[in-house]
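Colleague: how would this look folded up:
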Amino acid sequence: MAVTGTTGSSTTGGRDSGIIRDEAGDTRPAAPTMPTRVLLIDDDARLVEMLGGYLREHGYAVDCCGDGESGLQAQRRTGYDAVVLDVMLPGIDGLEVCRRMRAFSQVPIVMLTARGDDMDRIVGIEIGADDYLPKPFNPRELLARLAAVLRRTRAGERQASDRLSVGQLEIDRAAREVRVRGQRRELTGRQFDLLLLLAERAGRVQTRDQLMDALKGEEWDNVDRSIDVHISRIRQAIEDDPRHPRILQTVRGAGYVLAVTPVAAGPNEP
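Modeller: Numbering: from 1, shown residues only. Down below sits the predicted model:
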């Protein structure tokens, strides 16, 4: 894409606006399909005006803060989806803001600097920034970098949501894998579904009727003892000693419960 070779002509406090404008008529990146909230922390009023407007044109909801302390308060209060953070700020600088923000938030942070100092970039990445952009910059590049860090963050969140950990047990929903203390255990499809259901309700006793109702999409036998057979086979796969289970417990007269933490087994087999 062709861009102009000069920065915005207006400056604040003698500072370059730090942004390069697109030429009219160029194709712009598509706006996000879902609103994304961005916090822009920079004391350069002209840059904030131009960059904030540019991001809003592309579908982002943008709030602005002119100093680090107010930026930290805004992130604590609102929990933005991404932060664009200038290094050179009044009061505490952007590096310190990044360090403090990482103490309470994993929000994606793209840092900006007018100095183009390699040490700033290195320190910024070391203390938790996700990306770094020197001024002056093409706004399309910032847009692309924001989209990239948001994709990585959301991909990580999706991956984390696919995994369920209960005590020593780890279940990967997407891969349909079960591990105990990191070691893979083999289960059939029905056994996996039953164990996943118990894990999602860990710590709560489930009767045979509750389990069969929840799994009614499966072709379970009408006799509720079929649940017991599957439980026994799951124990063979995940327990160190299936005769004295520590993970998948029987509650006499009630049903089954997946222990949140492994417990000492007792004479509670059906």
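
Colleague: so for stretch 175-191, what gets flagged as buried?
Modeller: Residues of stretch 175-191 classed as buried by neighbour count (16 or more other C-beta atoms under 10 Å): 178-180, 185, 187, 190-191. Using the backbone N, CA and C atoms, a C-beta is placed for each residue, glycine as well.

Colleague: equivalent analysis for stretch 58-70, please.
Modeller: 58, 60, 62, 64-66, 68.

Colleague: hang on, the earlier thing: restricted to strands, list the buried residues of stretch 175-191.
Modeller: Secondary structure from DSSP state E places 178-180, 185 of these in strands.

Colleague: out of the buried residues of stretch 58-70, which is nearest to residue 127?
Modeller: Residue 127 has its nearest neighbour among the buried residues of stretch 58-70 in residue 68, at 13.5 Å by C-beta to C-beta.

Colleague: tell me how many other residues crowd residue 128.
Modeller: Here the number of neighbours of residue 128 (other C-beta atoms under 10 Å) works out to 16.

Colleague: revised request: answer the last question for residue 53.
Modeller: Other residues close to residue 53 by other C-beta under 10 Å number 11.

Colleague: next: residue 101.
Modeller: Residues near residue 101, counting by other C-beta under 10 Å, number 25.

Colleague: checking it next. Helix, strand or coil?
Modeller: Under DSSP: H, G, I helix; E, B strand; the rest coil, residue 101 falls in the helix class.

Colleague: quick one, what contacts it?
Modeller: If you count contacts by C-beta atoms under 8 Å, 6 or more residues apart in numbering, residue 101 has them with 71-72, 75, 83, 107, 109, 128.

Colleague: again, but for residue 98
Modeller: 85, 109, 111, 124, 127-129.

Colleague: any figure for the gap between it and residue 151?
Modeller: 21 Å (C-beta to C-beta, to the nearest Å).

Colleague: cool, residue 237 as well?
Modeller: Separation of residue 237 from residue 151 (C-beta to C-beta): 36 Å.

Colleague: can you check residue 114 too?
Modeller: Using C-beta to C-beta, one gets 27 Å for the distance from residue 114 to residue 151.

Colleague: compare those two (neighbour count), which wins?
Modeller: The neighbour comparison of residue 114 against residue 151 (other C-beta under 10 Å) goes to residue 114, with 17 against 11.

Colleague: and the residue nearest to that one when sequence neighbours are not counted, how many neighbours?
Modeller: Closest residue in space to residue 114, ignoring its immediate chain neighbours: residue 135 at 4.5 Å, by C-beta to C-beta, 6 or more residues apart in numbering. By other C-beta under 10 Å, 22 other residues sit near residue 135.

Colleague: and residue 140, by the same measure?
Modeller: Close neighbours of residue 140, defined as other C-beta under 10 Å, add up to 17.

Colleague: do residue 203 as well
Modeller: Counted with other C-beta under 10 Å, residue 203 comes out at 10.

Colleague: pull stretch 130-147 out as PDB, backbone CA atoms only.
Modeller: Extracted C-alpha coordinates of stretch 130-147, given in PDB (Å, rounded to 0.1, in the frame of the first residue of the first chain):
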ATOM      1  CA  ASP A 130       3.200  -7.900  23.500                       C
ATOM      2  CA  ASP A 131       4.500  -5.700  20.700                       C
ATOM      3  CA  TYR A 132       6.500  -2.500  20.100                       C
ATOM      4  CA  LEU A 133       6.200   0.300  17.500                       C
ATOM      5  CA  PRO A 134       8.500   3.200  17.000                       C
ATOM      6  CA  LYS A 135       7.200   6.600  16.000                       C
ATOM      7  CA  PRO A 136       6.500   7.800  13.300                       C
ATOM      8  CA  PHE A 137       4.500   4.900  12.200                       C
ATOM      9  CA  ASN A 138       1.800   4.000   9.600                       C
ATOM     10  CA  PRO A 139      -1.600   3.700  11.300                       C
ATOM     11  CA  ARG A 140      -2.200   0.600   9.200                       C
ATOM     12  CA  GLU A 141       0.800  -1.000  10.800                       C
ATOM     13  CA  LEU A 142      -0.600  -0.300  14.300                       C
ATOM     14  CA  LEU A 143      -4.000  -1.600  13.100                       C
ATOM     15  CA  ALA A 144      -2.300  -4.800  11.900                       C
ATOM     16  CA  ARG A 145      -0.200  -5.200  15.100                       C
ATOM     17  CA  LEU A 146      -3.300  -4.700  17.300                       C
ATOM     18  CA  ALA A 147      -5.200  -7.400  15.200                       C
END
